[in-house]
Each structure stands twice: as structure tokens, then as C-alpha cells.
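Colleague: Predicted model and sequence follow; I will ask about them next.
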Amino acid sequence: MIKNILLLTVTIILTLFALEAVVRIFGLAPRTEEISGEGLVFSDNPNLRYTLKPGGVLASYETSIDINEDGYRGPLYPRRRNHDNRVRILCLGDSIALGLYLEDDETFPRQLEERLNREKLFGKEWEVLNFGVPGYNTINEIELLTEKGLAYRPDLVILQYCYNDHSNKSDLDTRLRGPLVKHHRLIGMLMNPVMRLLTRSKLFLFAAVRIKSLKVDLESERKWWIPKEYVYDGDFFVTGLARFKELSREHGFRPLLVIFPYFEQKDSFSHYSWNYDRVMGQCREAGVKYINLLDHLVRDYGSRKPYPDFHLDKVHPTGYGNRVAADIIFNYLKEHYHE
């Protein structure tokens with residue numbers, strides 16, 4: 001009896017190792033961000049769902065993104081400022097603001113900080129904090145501001161907009177988080193530092209996503225088992241924007257929305273303007289200032305030949321594209337910051 005149990009155990013272990021090897025060799029696992037490992041961790045806050053891991057490293061293709069001990073990208077700034085001559089900007093956003101495929105000095109928050117200090121705008125010292133998190137929507141971003149960002153007492157908060165901010169967009173959020181909410185015991189395992197090793201298994205990710213062993217029908221079952229606070233209703237951007245304005249009044253910072261364009265073609269600027277017109281109208285209704293980068297790009301770069309190396313894909317700018325965005329934001333602040 002004992003021999004049979006041992007034989008069965010060994011057979012199961014060897015089979016799992018073999019399947020793990022097959023999944024890795026043939027690249028069958030989904031290319032999702034880590035569920036909860038070196039770069040991302042689950043959050044008990046349903047409006048965050050996950051965050052960058054303090055002190056962790058987020059692997060992004062050939063780039064490794066270092067996360068500081070307070071859980072955001074870039075230098076670690078003290079929460080209390082030393083003197084009044086310093087202006088602090090906090091940037092919220094998704095993988096665009098984070099600079100998912102870029103080195104830190106290529107991101108628009110870092111390039112904006114460099115130019116502000118190089119030109120000593122208004123005779124001030126400037127700090128720009130990068131609170132971008134991949135896959136976040138506007139509700140997540142504003143919640144991160146509430147939970148963590150406000151403690152840094154920002155003077156200006158830049159909210160980076162992407163065309164898909166109106167709903168869930170993260171692989172982690174839409175493909176894994178919902179099913180894992182149902183399997184609450186598994187969430188507990190994944191948040192345990194020892195059991196978190198499970199998330200390093202490509203076989204686990206393959207089973208969870210590709211063959212949908214953890215997938216459930218969210219629409220038919222969510223009212224039965226998903227806690228109400230995990231279900232967002234309506235337009236996420238409109239909801240988040242209203243809260244953004246409310247927080248600006250409560251805490252005295254200036255809110256600014258920066259609309260990043262969606263590039264429909266590789267060698268031309270986007271004509272996705274109908275959506276940006278709607279977003280700008282929503283900003284006017286909420287009383288939030290905005291910059292539509294597309295207007296500036298078409299005006300200043302649209303006729304350039306060859307086409308400028310502005311974007312890596314349909315949503316992520318190159319380091320050069322981030323520099324252009326930083327310059328546009330700089331010029332806006334130079335003209336409008338004291339209004």
C-alpha cells in the first residue's frame with residue numbers, strides 16, 4: 001500500500017515536471033505580468049487589486065524596472081519636503097507613464113524633471129514622481145493617489161490618459177483576478193511569501209489562462225460570488241476624473257490630464273480624435289485642465305519626413321516620444337502653471 005502511494009506520488013511529480021518543461025520549451029505560457037512575485041503583488045484594496053512591489057524588479061522584455069522601497073519607479077523622495085522652494089509633481093498612469101519598455105531616464109516623468117531643473121523654471125527646484133502601474137485604469141490610478149500619493153503632498157498631479165482607460169484593460173486584472181477572487185484560498189496562497197513560488201510555474205499560468213481552468217463566467221456569476229466592491233459600474237474614466245477633481249479641492253494640488261494618442265498606423269499620427277474630443281469635454285465639465293498631445297504632434301511634427309520615431313507600438317512612445325511629451329508638458333507649465 002505504502003509502495004503504491006509512493007509510486008503514485010513520484011509519478012505525479014515527474015509528470016508535473018515534464019509538463020512544466022514542455023510549457024517552457026514551447027513557450028505555451030501566456031505573456032502576462034507576474035501575478036505576485038518580484039514586480040507585482042496583490043492588494044486587498046479592490047480599487048487597486050495589485051500594486052508594484054516595494055523594492056522589487058518588474059521584468060519588461062529586455063528592460064528591468066527597479067521599484068524603490070516605497071513602491072514606485074525612480075528615485076526615492078522623502079514624504080516631507082525640506083523647503084518651500086521645491087515644487088513636487090506626481091504622475092499617475094499605466095504602462096505609458098511607467099515606461100514599461102524604457103530605461104528610467106527615457107520616461108516622460110524623468111525627462112520632464114530634468115528639463116524643469118535644467119531651465120530652473122520660475123527659479124524653483126522640481127521633483128517628479130512616477131506612480132505609473134502597468135494595466136491600471138483611471139479608478140485604480142486615483143485610488144493609488146488616495147492610498148499612497150497624497151502622503152507626498154504634491155503641488156501638481158498629472159493624470160496620464162490612454163484610450164482604453166474607460167474599462168478594465170490589464171491581462172492580470174481581467175484574465176486572472178476575477179477567477180482568483182472566487183478562489184479566495186488560492187489568493188491567500190499567492191500572498192504568502194513561501195507559497196508565492198507557485199506563480200513562477202509556467203505550467204500554472206498555462207493552466208490558469210490558456211486552458212482557462214480558473215476561468216468563470218463573470219457576467220453570469222459575478223452577482224453570486226464577487227463582492228460588490230470588486231465590480232466597477234459605468235465609465236471608469238468619468239468616475240475617476242470626478243474623484244480626481246474632488247481630491248484636488250480637498251488637498252490643494254493642481255490636477256492636469258495629459259491625453260496620450262493612440263497610433264492606428266505605424267507611420268502616421270492617429271485620427272482617433274473623436275474619442276479625445278469626448279474626453280476633453282468631460283474634463284471641461286469636471287473643471288480639470290488638460291493637454292491633448294495629438295494636437296501638438298499633428299501641428300509640430302505631422303509634416304516631418306521621415307516620420308519621427310515617436311512610438312514603439314500603438315500606445316507606448318519611444319524614449320524620443322517621451323521626450324516630446326515632456327517638452328509639451330514643460331511648455332504648458334511655463335505658460336499656465338501660475339494661472
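Modeller: Alright, I've got the coordinates.
Colleague: make it CA atoms for all contacts and neighbour counts henceforth
Modeller: OK.
Colleague: what's the weakest-modelled helix or strand in the chain?
Modeller: Ranked by mean pLDDT, DSSP states H and E, the helix or strand of the chain with the weakest confidence is helix 218-225, at a mean of 41.
Colleague: Now the element after that helix, going C-ward?
Modeller: Counting by DSSP states H and E, the element after helix 218-225 in chain order, helix or strand, is helix 236-251.
Colleague: pull the CA atoms of that following helix into PDB?
Modeller: Below are the C-alpha coordinates for helix 236-251, written out as PDB (Å, rounded to 0.1, in the frame of the first residue of the first chain):
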ATOM      1  CA  PHE A 236     -14.200  54.200 -15.200                       C
ATOM      2  CA  PHE A 237     -12.600  57.300 -16.600                       C
ATOM      3  CA  VAL A 238     -15.600  59.600 -15.800                       C
ATOM      4  CA  THR A 239     -15.800  58.100 -12.300                       C
ATOM      5  CA  GLY A 240     -12.100  58.500 -11.700                       C
ATOM      6  CA  LEU A 241     -12.000  62.000 -13.100                       C
ATOM      7  CA  ALA A 242     -14.700  63.200 -10.800                       C
ATOM      8  CA  ARG A 243     -12.800  61.800  -7.800                       C
ATOM      9  CA  PHE A 244      -9.600  63.400  -9.200                       C
ATOM     10  CA  LYS A 245     -11.200  66.800  -9.100                       C
ATOM     11  CA  GLU A 246     -12.700  66.300  -5.700                       C
ATOM     12  CA  LEU A 247      -9.300  65.300  -4.200                       C
ATOM     13  CA  SER A 248      -7.600  68.300  -5.800                       C
ATOM     14  CA  ARG A 249     -10.000  70.600  -3.900                       C
ATOM     15  CA  GLU A 250      -9.600  68.700  -0.600                       C
ATOM     16  CA  HIS A 251      -5.800  68.500  -0.700                       C
END
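Colleague: Just name whatever secondary elements it is in contact with.
Modeller: Helices and strands touching helix 236-251, by 3 or more CA pairs under 8 Å, 6 or more residues apart in numbering; DSSP states H and E, are helix 138-147, strand 254-259, helix 273-286.
Colleague: give me that answer again for 7 Å
Modeller: helix 138-147, strand 254-259 (3 or more CA pairs under 7 Å, 6 or more residues apart in numbering; DSSP states H and E).
Colleague: Dump those to CSV, plus mean neighbour count, distance to residue 76 and mean pLDDT.
Modeller: Formatted as CSV, the helices and strands packed on helix 236-251 follow (neighbours: other CA atoms under 10 Å; distance: least, CA to CA, whole Å; pLDDT from 0 to 100):
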stretch, mean neighbour count, distance to residue 76, mean pLDDT
helix 138-147, 22, 16, 96
strand 254-259, 21, 22, 98
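Colleague: so where's the stretch 151-300 of the chain uncertain?
Modeller: For the stretch 151-300 of the chain, the stretches flagged by pLDDT under 70 are 169-199, 205, 208-231, 264-272.
Colleague: Residue 164 in helix, strand or coil?
Modeller: Secondary structure state of residue 164, per DSSP: H, G, I helix; E, B strand; the rest coil, is coil.
Colleague: Measure how buried it is and give me the count.
Modeller: When neighbours are defined as other CA atoms under 10 Å, residue 164 has 17 of them.
Colleague: Can you pull the phi/psi pair for it?
Modeller: With angles defined as degrees, to the nearest 10, residue 164 sits at phi -100, psi 20.
Colleague: Kindly give the local confidence score, pLDDT, for the spatially closest residue to it that is not a sequence neighbour.
Modeller: The shortest distance from residue 164 to any non-neighbouring residue, by CA to CA, 6 or more residues apart in numbering, is to residue 137 (7.8 Å). Note for residue 137: predicted pLDDT of 92.
Colleague: Compare the helices and strands packed on helix 236-251 and give me the one nearest residue 17.
Modeller: helix 138-147 (37.3 Å; CA to CA).
Colleague: List the strands paired with the helix or strand just after the closest one, with their directions.
Modeller: For helix 138-147, the succeeding helix or strand toward the C-terminus, using DSSP H and E, is strand 156-161. Strand 156-161 pairs in its sheet with strand 86-93 (parallel), strand 254-259 (parallel), by DSSP bridges.
Colleague: do you know which of those strands lies nearest residue 201?
Modeller: Of all the strands paired with strand 156-161, strand 86-93 comes closest under CA to CA, at 29.2 Å.
Colleague: What lies in contact with that closest one?
Modeller: 109, 124-133, 136, 141, 154-161 (CA atoms under 7 Å, 6 or more residues apart in numbering).
Colleague: Buried ones among the residues you listed?
Modeller: Using 16 or more other CA atoms under 10 Å as the burial test, the contacts of strand 86-93 include 109, 125-133, 136, 141, 154-161 as buried.
Colleague: Run through the helices of the stretch 1-150 of the chain in chain order.
Modeller: Secondary structure of the stretch 1-150 of the chain (DSSP state H, counting those that start in this stretch): helices at 2-25, 95-98, 108-118, 138-147.
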